[in-house]
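1. Please find the sequence and the predicted model below.
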Amino acid sequence: MAKKLRILIAKPGLDGHDRGAKVIARALRDAGMEVIYTGLRQTPEMIAEAALQEDVDAIGLSILSGAHMALVPRVLELLKAQGQAGLPVLLGGIIPDEDIPALRQLGVSAIFGPGTTTDTVVAAFTQAVRHDAS
């Protein structure tokens with residue numbers, strides 16, 4: 001029996017809209033993954049600590065506030081500082097096309113915009129964890 005993937009879904013920053021994050025959490029659960037949803041208004045420090053404490057296989061960040069270029073690098077920096085530099089981080093939200101190359105270069109495994117299907121997201125999480133394990 002394959003190990004059930006543990007995924008952390010987090011809403012960093014002051015963004016108070018979590019419908020998309022909840023839809024993704026449910027889709028991942030329906031696909032057989034264990035999902036830990038941290039809730040709204042999480043700091044990068046809270047997200048990194050939750051990832052460590054929950055021993056997750058990947059992190060999904062949902063950011064609609066436009067603060068992704070500040071929040072994502074900080075989360076990645078904190079993960080590296082606690083020995084989790086290789087943990088896949090996937091990002092969804094309102095991400096301008098011009099920011100995608102920089103986020104990918106920082107190490108974000110996948111980036112999803114509005115209209116991305118839940119099947120695509122589930123497949124990306126599965127692929128990111130498999131890639132990380134190899």
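-> All right, it came through fine.
2. so what's the backbone phi/psi at the residue nearest in space to the middle of the chain?
-> The centroid of the chain falls nearest to G60 when counting by C-alpha atoms, centre = their mean (1.5 Å). Backbone geometry at G60, expressed as degrees, to the nearest 10, gives phi -110, psi 120.
3. could you pull out the helices for this protein?
-> Secondary structure of the chain (DSSP state H): helices located at 19-30, 44-54, 68-81, 100-106, 118-133.
4. returning to what we had before: for the residue nearest to the centre of the chain, give the beta-bridge partners.
-> I9, L90 (DSSP bridges).
5. Contact partners for it?
-> 7-10, 21, 24, 28, 89-92, 121, 125 (C-beta atoms under 8 Å, 6 or more residues apart in numbering). For the C-beta atoms, the positions are set from N, CA and C on the backbone; glycine is no exception.
6. in the protein, which segments are predicted with low confidence?
-> Scanning the chain for pLDDT under 70 picks out 1, 133-134.
7. same thing but 80
-> Along the chain, segments meeting pLDDT under 80 span 1-2, 132-134.
8. I'd like to know which of the helices of the chain lies nearest to T38.
-> Closest of the helices of the chain to T38 is helix 44-54, at 5.4 Å (criterion: C-beta to C-beta).
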